[in-house]
Structures are given as structure tokens and as C-alpha cells.
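# Output the structure for:
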Amino acid sequence: MNPLVNLKKTRKSPDRGFLVFHNTSEVIRAETILKKQGWNVRVMGPPPELRTGCDLVIEFPLVEQLNILRILEENRIPPIEMVPVDSPLLKPLDLLKTKDYGNYIMVRAANMKLTVEKNTFKIVNISGGGCPDVPYLAEELVGKTLKEAPSPKEIGHTLCAYALHMAYEELKKICSF
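All right, here's what the predicted structure looks like:
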């Protein structure tokens, strides 16, 4: 029996791909547009092979590649690259990590950390990042509860604001908001 025939039968074709954009603003716009239209997408860190600095990728269902490309082109934000995730080395990186500190819980998203007090859901600390709006974001969020605090994505426009928004959303899920 030909071993190449067996190899073809056992090799699974990819079902997810990722979209690479020029900058974080394009990723945020593309994610917003695609989610509003009901697409199952998520923002992740790019694999090391494609990392170019402070950037993100959008993971998407590969079977919907043509529809998603059409939507993005209609909205004037076509990706610079579309890559199928068919190798473990090309898997995007999950950006979220959660740490329980007893009375506090911290979520790290990429390089940003958001910590809340468990009993009150009050934001007690924001740290990380290197973007110019991090002090502003901290001033706007620290001391407020998750319900009172504005969404970081609505008041900031950098990679740090986006990462902080991911941590904020994860904490809202964890705290059942």
C-alpha cells in the first residue's frame, strides 16, 4: 500500500484560519464589524512566525473565508494576509490568563493586567503595557466597580486599551455580569 495515500487520509484539513492586519486599529474595526454580523471570530496573539511587534490576529472559521473577505473589503479593511491554521506552530496564542489571589482576582490579557476585589467587584489595579493611554485608562477605571467602569475599548484606542478591554470582559464573565 502506498504510504502517501494513508498520509492524505490521516491529515486533517484546517477548519480555522487567521487574518493579519497592518495595525491594531484595523483589527479592532474588523472584529467589531464581523461580530456585529454574527461571525464566530476572536482576537488572539499572532504566532511567533508572523509577529511584527504590537499586533493581533483574528481567528475565524476558514470555511467562511470568502464571505468574511467580502465583508472586510466592503468596509475598506482588507487583511494583509489570510493564513489557515494547519500546523501546531502556526496556532495563534491565547491572550488571557486568570490568577486568583484570595480576596482579589486578576486577569492578564496580553501585556495588560486588571485586578478586582471579589466581594465588591471594584477595580483595584491596572498594570502593564507601554501605550500612552495606560495612565488615563487607569484613572478612569480604578476605584469603580465593573458595572460603573466604562469599557476600555470605548475610551482608549491602542493595543493596551484593547487588551485591557479583553481582561475587563473576562472579569465580567467570571463575576457573572
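
# and the helix or strand harbouring A167, how far from the chain's centre?
Following DSSP states H and E, one finds A167 within helix 159-174. Taking the mean C-alpha point of helix 159-174 and that of its whole chain, the gap between them comes to 9 Å (Cα atoms, centre = their mean, to the nearest Å).

# One more: stretch 76-84?
From the chain centre to the centre of stretch 76-84 is a distance of 16 Å (Cα atoms, centre = their mean).

# quick revisit: what helices and strands are in contact with the helix holding A167?
helix 24-36, strand 96-100, strand 104-109, strand 112-117, strand 123-128, helix 134-141, helix 152-155 (3 or more Cβ pairs under 8 Å, 6 or more residues apart in numbering; DSSP states H and E). Using the backbone N, CA and C atoms, a C-beta is placed for each residue, glycine as well.

# Give the rounded mean pLDDT of it.
Averaging the model's pLDDT scores along helix 159-174 yields 92.

# Check which residues of that helix are buried.
159-172, 174 (16 or more other Cβ atoms under 10 Å).

# Can you name the element that comes right after the lowest-mean-pLDDT helix or strand in the chain?
Comparing every helix and strand of the chain by mean pLDDT, DSSP states H and E singles out helix 3-10 as the least confident one, with a mean of 40. If you walk from helix 3-10 toward the C-terminus, the next helix or strand you reach (DSSP H and E) is strand 16-20.

# name the helices or strands packed onto that following strand?
In terms of contacts (3+ Cβ pairs under 8 Å, 6+ apart), strand 16-20 is packed against strand 57-61, helix 65-74, strand 81-84.

# hey, least reliable of the ones you listed by pLDDT?
Least confident of the helices and strands packed on strand 16-20, judged by mean pLDDT, is strand 81-84 with a mean of 85.

# Now do the buried residues in that strand.
With the criterion 16+ other Cβ under 10 Å, strand 81-84 contains buried residues 82-83.

# For it, which strands pair with it and how are they oriented?
strand 16-20 (antiparallel) (DSSP bridges).

# which residues touch the strand it pairs with?
Among residues not part of strand 16-20, those counted as contacts by Cβ atoms under 8 Å, 6 or more residues apart in numbering are 30, 44, 46, 50, 55, 57-62, 65, 68, 72, 79-85, 92.

# Give me the neighbour count for L72.
The number of residues packed near L72 is 21, by other Cβ atoms under 10 Å.
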